[in-house]
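In: My questions concern the predicted model and sequence given below.
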Amino acid sequence: MGTTTISTTDTVPGAEDTDRRPRTAVLAARLLGLLLACGLLVLVTVVSVAVGAKAIPPGEVLRALFHGPASVDDAVVLDLRLPRTLLGITVGAALGLAGVLMQALTRNPLADPGILGVNMGASAAVVVAIALWRTADPSVRLWFAFAGAGLAAALVQLLGSRGRTGPAPVRLALAGTAVSAVLSALISVVTLLRPDVFDQFRFWGVGSLAGQPMSVLTGVLPFLGAGALLALGLSGSLNALALGDDTARALGTAVPRTRVLGMLAVTLLCGAATAAVGPIAFVGLAVPHLARAFTGPDHRWLMPYSMVLGASLLLGSDILGRVIARPGEIQAGIVTAFAGAPVFIALVRRRRIAEL
């Protein structure tokens, strides 16, 4: 009698479609969410250009954008509001992306880009530049801030890499805390001894998008672009790293290389952002958690979500600061701290933050 053989490739009809449907649904939901986040960013961008201390009709705003300056109102839109808006988008995206990298590299859900000492390094360099050279030119101050951020990050990397195992998350965090404490003390000493330095530093030190010319954005844009490309290229390695160092090595990931490149990306992103607008708190801490609620732990989706949401959060905070204190304004760095902290507390209370 003949025997009937069943191929191992045979499947129950419809089983493959059943497996694909959930994946397709998740992909569609994430893509839709990203499109909605981009739509929110477009809306916030339009409001940022249209809203300020001086009321300008929407028609005048559109005419200025498409036909160039022809009046005082047009100059306000093109020379003040447009550079401010573009700077808010790029800096917010950079801080959101840097926050994802820091939380992934340190496997600490409360990690912030400032943990590397980048913010304090930039601030200390600006204080020294003002004290020694009395420079208030934003373009000059930009390069001092970026140099200070890079030196601080390099020092933290050097201190955190000592030992046989190379850079470890705990050692990097401790080194960053120690370097930040020393630099903070230096800033306090200089500003207390030199009131004139404090008067110039205090506006930059709180973090503000106001009064920055377009040259500041063009100066930091190459560094922000390089950092973003480097970070996005590490998304697959960060997914493997989230499973643990041993598992990541078994999957073929070069763990030390990933950490070094990740720290370099954080330095470029956070250093350039801090150099441009001063230290902005909370954005890099909270935005990854907001994005993770929609994307889960997959960094291939988490990174673009965090960039879009970070830009929206910073730009929205800047708009809020302009509106609630008319005819003056409250700096964006202050608004992000006041408005963002309750949101983060609500996230912590609503659900347990998973280990990264």
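Out: That came in fine, so what should we check first?
In: Can I get stretch 92-101 as PDB, trimmed to CA atoms?
Out: Extracted in PDB, the C-alpha atoms of stretch 92-101 (Å, rounded to 0.1, in the frame of the first residue of the first chain):
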ATOM      1  CA  GLY A  92      13.700  69.900  20.200                       C
ATOM      2  CA  ALA A  93      14.300  67.000  17.700                       C
ATOM      3  CA  ALA A  94      17.900  66.800  18.800                       C
ATOM      4  CA  LEU A  95      17.100  66.700  22.500                       C
ATOM      5  CA  GLY A  96      14.400  64.000  22.000                       C
ATOM      6  CA  LEU A  97      16.800  61.800  20.000                       C
ATOM      7  CA  ALA A  98      19.600  62.400  22.500                       C
ATOM      8  CA  GLY A  99      17.300  61.300  25.300                       C
ATOM      9  CA  VAL A 100      16.500  58.000  23.600                       C
ATOM     10  CA  LEU A 101      20.200  57.300  23.100                       C
END
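In: helix or strand for the closest residue to residue 217 other than its chain neighbours, which one?
Out: Leaving aside its sequence neighbours, residue 217 sits nearest to residue 87 (C-beta to C-beta, 6 or more residues apart in numbering; 5.0 Å). C-beta: built from backbone N, CA, C; applies to glycine. Using DSSP states H and E, residue 87 sits in helix 82-106.
In: do residue 211 as well
Out: Applying DSSP H and E, one finds residue 211 in no helix or strand.
In: I'd like the distance between it and residue 68.
Out: With distances taken as C-beta to C-beta, to the nearest Å, residue 211 is found 22 Å from residue 68.
In: Next: residue 342.
Out: 42 Å.
In: Also residue 243?
Out: According to C-beta to C-beta, residue 243 and residue 68 sit 54 Å apart.
In: Residue 257 now?
Out: Relative to residue 68, and taking C-beta to C-beta, residue 257 is found at 48 Å.
In: and residue 54, which of the three is it?
Out: coil (DSSP: H, G, I helix; E, B strand; the rest coil).
In: Show the backbone phi and psi for it.
Out: Per-residue torsions, residue 54: phi -100, psi 130 (degrees, to the nearest 10).
In: Could you check how many residues crowd around it?
Out: Using other C-beta atoms under 10 Å, residue 54 has 13 neighbouring residues.
In: so what's residue 63 closest to, chain neighbours aside?
Out: Nearest to residue 63 is residue 74, by C-beta to C-beta, 6+ apart, at 7.2 Å.
In: now swap in residue 251 and tell me
Out: Counting by C-beta to C-beta, 6+ apart, the residue nearest residue 251 is residue 240, at 4.8 Å.
In: And residue 206, how close does it get to residue 335?
Out: Distance, residue 206 to residue 335, using C-beta to C-beta: 10 Å.
In: Which one's more surrounded, those two?
Out: Set side by side, residue 206 and residue 335 show more neighbours around residue 335, with 25 against 18, by other C-beta under 10 Å.
In: Am I right that the more buried one is in contact with residue 319?
Out: No. At 9.0 Å, residue 335 does not count as touching residue 319 under the criterion of C-beta atoms under 8 Å.
In: circling back: let me know the secondary structure of the residue nearest to residue 63.
Out: Judged by three-state DSSP, the three-state class of residue 74 is helix.
In: Per-residue pLDDT of it, please?
Out: What the model reports for residue 74 is a pLDDT of 74.
In: how about it, what does it touch?
Out: Contact analysis of residue 74 by C-beta atoms under 8 Å, 6 or more residues apart in numbering lists 60, 63, 64, 68.
In: The third one and residue 251: what is the separation?
Out: Relative to residue 251, residue 64 is positioned 53 Å away (criterion: C-beta to C-beta).
In: So for the two, which sits in the more crowded spot?
Out: Shown here are residue 64 and residue 251; by other C-beta under 10 Å, residue 64 has more neighbours (23 against 13).
In: show me the contacts for that one.
Out: Residues near residue 64 by C-beta under 8 Å, 6+ apart: 70, 73, 74, 77, 78.
In: Helix, strand, or coil at the last one?
Out: So the one you mean is residue 78. Counting by three-state DSSP, the backbone at residue 78 sits in helix.
In: got a pLDDT number for it?
Out: 82.
In: got it, and the first one?
Out: Residue 70 is assigned a pLDDT of 69 by the prediction.
In: Nearest to the middle of this protein, which residue? Look it up for me.
Out: The centre of the chain sits closest to residue 95, judged by C-alpha atoms, centre = their mean, with a distance of 1.0 Å.
In: From residue 346, how far off is that residue?
Out: Applying C-beta to C-beta to residue 95 and residue 346 gives a distance of 20 Å.
In: Can you show me the helices along the stretch 51-200 of the chain?
Out: Counting by DSSP state H, counting those that start in this stretch, one finds helices in the stretch 51-200 of the chain at the ranges 58-67, 72-75, 82-106, 118-133, 138-160, 169-193, 195-205.
In: how far is the first one from where the chain is centred?
Out: It refers to helix 58-67. 30 Å (C-alpha atoms, centre = their mean, to the nearest Å).
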